[in-house]
Structures are given as structure tokens and as C-alpha cells.
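S.K.: With the sequence up front, the predicted model follows.
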Amino acid sequence: MSTLIDVEKNGANSNLTAIESAPADNRVVTSETKAIAAYTVSLPILKIGHAGEAIRFLQQRLISFGYAISFNGQFGFQTDAAVKHFQSYYGGLLVDGIVGPKTWRALCENSYPFGYYFYSEFIPTFYPYDTHMPTVAQGAQGNAVECLQLRLQNLGYRLLVDGIFGNNTRTAVELYQKQVGLKVDGIVGRLTWREIGQ
């Protein structure tokens with residue numbers, strides 16, 4: 001295996017290049033080791049509106065940390081929200097949604113020091129989408145609200161992932177409840193959690 005990872009050959013982010021120098025050996029190459037190795041190349045600065053293989057690599061890293069986002073190569077609102085959340089929880093990073101050298105370095109480290117507490121099909125989590133989720137409504141704050149907001153982002157609702165259940169989150173919840181045929185009350189209880197987690 002002469003090429004460890006080929007993250008970009010052509011496209012919008014042409015300065016992201018492949019690693020061609022990895023020696024052939026019996027080592028197990030995981031997404032984690034690939035990511036760490038990939039940081040040895042010049043990674044581009046990415047922000048909302050960008051597209052291409054570099055975005056797919058970014059999304060792969062975010063997914064490995066538990067963010068339930070699309071793997072589509074498009075830096076949209078969903079990826080932007082995940083990047084900002086990662087920046088805010090990692091510590092020492094500017095929360096601007098721009099993936100520059102410091103954010104890349106954080107994304108490519110072996111461990112994520114502050115943990116991650118939201119649902120993911122990839123890793124064990126504190127809040128799975130099941131009947132044990134707490135009921136949340138306007139005025140609530142915390143991890144469960146961030147979990148809700150991130151899931152609503154994944155479903156296409158445009159709102160800030162800040163852990164605060166405000167007017168915009170309530171509106172998104174009500175629209176979702178109407179869409180799936182639930183009682184429209186803006187309260188996220190057992191039935192709404194069950195639907196939103198599918």
C-alpha cells in the first residue's frame with residue numbers, strides 16, 4: 001500500500017494533496033490514523049459554501065467525533081453548525097465556523113479531551129434518541145437541547161445550535177411536529193424524541 005490516503009486530487013481545494021509516501025507494512029490503517037497522517041499535508045481553509053473532497057474529509061472527522069451529519073462534500077448549514085459546536089467544546093479555538101490550521105489540528109488529534117454527549121450511530125453516547133430523553137420546551141438549556149438542535153439541523157431546519165431552547169427552536173419543533181403528524185405544542189417529549197431519532 002503505497003498511498004495511505006487520497007483526500008484530494010482535483011477540484012475546488014487543489015492545495016489538499018494525497019499522501020504518497022506511507023511505507024507498505026502490516027499496520028492497521030483506521031480512519032483515525034488516516035486523519036492524523038493527512039494533517040501532515042497542507043490542508044485548505046474551509047468555510048460554509050465550499051464543496052469537494054476536502055469537505056468530505058472534514059465531515060469524516062466530525063462524524064468520527066459523533067456528529068450525525070451528512071457525508072456529501074457540501075459545507076452547508078449542518079456542517080457549519082457541527083464545526084462551530086466542535087470549536088466551542090474543544091477549547092482555545094475561535095468559534096467562527098472556519099476550518100483553519102488550529103481547527104484542523106484539533107480535528108486530527110487522537111483524542112477529544114472534553115468528550116461528546118449527543119446521539120451518534122458511530123460511538124456510545126450520553127443521550128441516545130429513546131424514551132429516556134428528558135422533556136424539553138422553550139426556556140430549557142443544556143446538552144439535550146443541543147442534541148435536539150443538531151438533529152433538527154440534520155433534518156434541514158435552519159437554526160443555531162447553542163443549547164438554548166428559544167423561539168427559533170420552538171418554531172422548528174412545531175414545524176417538525178406538524179410535518180410528522182404529532183400534536184403541535186412545541187414541547188419535545190417521548191413521542192417527539194422517538195420520531196426525531198429515526
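M.R.: The structure has been received and is ready for your questions.
S.K.: CA atoms for contacts and neighbours, from now on please.
M.R.: Noted.
S.K.: Surely Ala144 and Arg151 touch.
M.R.: No. The criterion here is CA atoms under 8 Å, and Ala144 misses it with Arg151 at 10.6 Å.
S.K.: all helices for the protein, in order.
M.R.: With DSSP state H as the criterion, the chain has helices at 31-38, 53-64, 77-90, 101-107, 143-154, 167-180, 190-196.
S.K.: Ok, which of the ones you listed comes nearest Lys47?
M.R.: helix 77-90 (7.4 Å; CA to CA).
S.K.: by how many degrees do that closest one and helix 53-64 diverge?
M.R.: 50 degrees (axes from the mean of the first three to the mean of the last three CA atoms, to 10 degrees).
S.K.: Check Cys108 and give its pLDDT.
M.R.: Looking at Cys108, its pLDDT stands at 76.
S.K.: And it, how far from Arg151?
M.R.: 24 Å (CA to CA, to the nearest Å).
S.K.: One more: Ala106?
M.R.: Applying CA to CA to Ala106 and Arg151 gives a distance of 23 Å.
S.K.: thought Gly73 was touching Ile48?
M.R.: No. Assessed by CA under 8 Å, Gly73 is found out of contact with Ile48, at 11.3 Å.
S.K.: Can you add mean neighbour count and give the helices of the chain back as a markdown table?
M.R.: As requested, the helices of the chain are arranged in a markdown table below (neighbours: other CA atoms under 10 Å):
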| stretch | mean neighbour count |
| --- | --- |
| helix 31-38 | 17 |
| helix 53-64 | 21 |
| helix 77-90 | 21 |
| helix 101-107 | 18 |
| helix 143-154 | 22 |
| helix 167-180 | 17 |
| helix 190-196 | 17 |
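S.K.: a markdown table for those helices, including distance to Pro134?
M.R.: Compiled in a markdown table, those are given as follows (distance: least, CA to CA, whole Å):
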| stretch | distance to Pro134 |
| --- | --- |
| helix 31-38 | 33 |
| helix 53-64 | 24 |
| helix 77-90 | 21 |
| helix 101-107 | 30 |
| helix 143-154 | 7 |
| helix 167-180 | 15 |
| helix 190-196 | 8 |
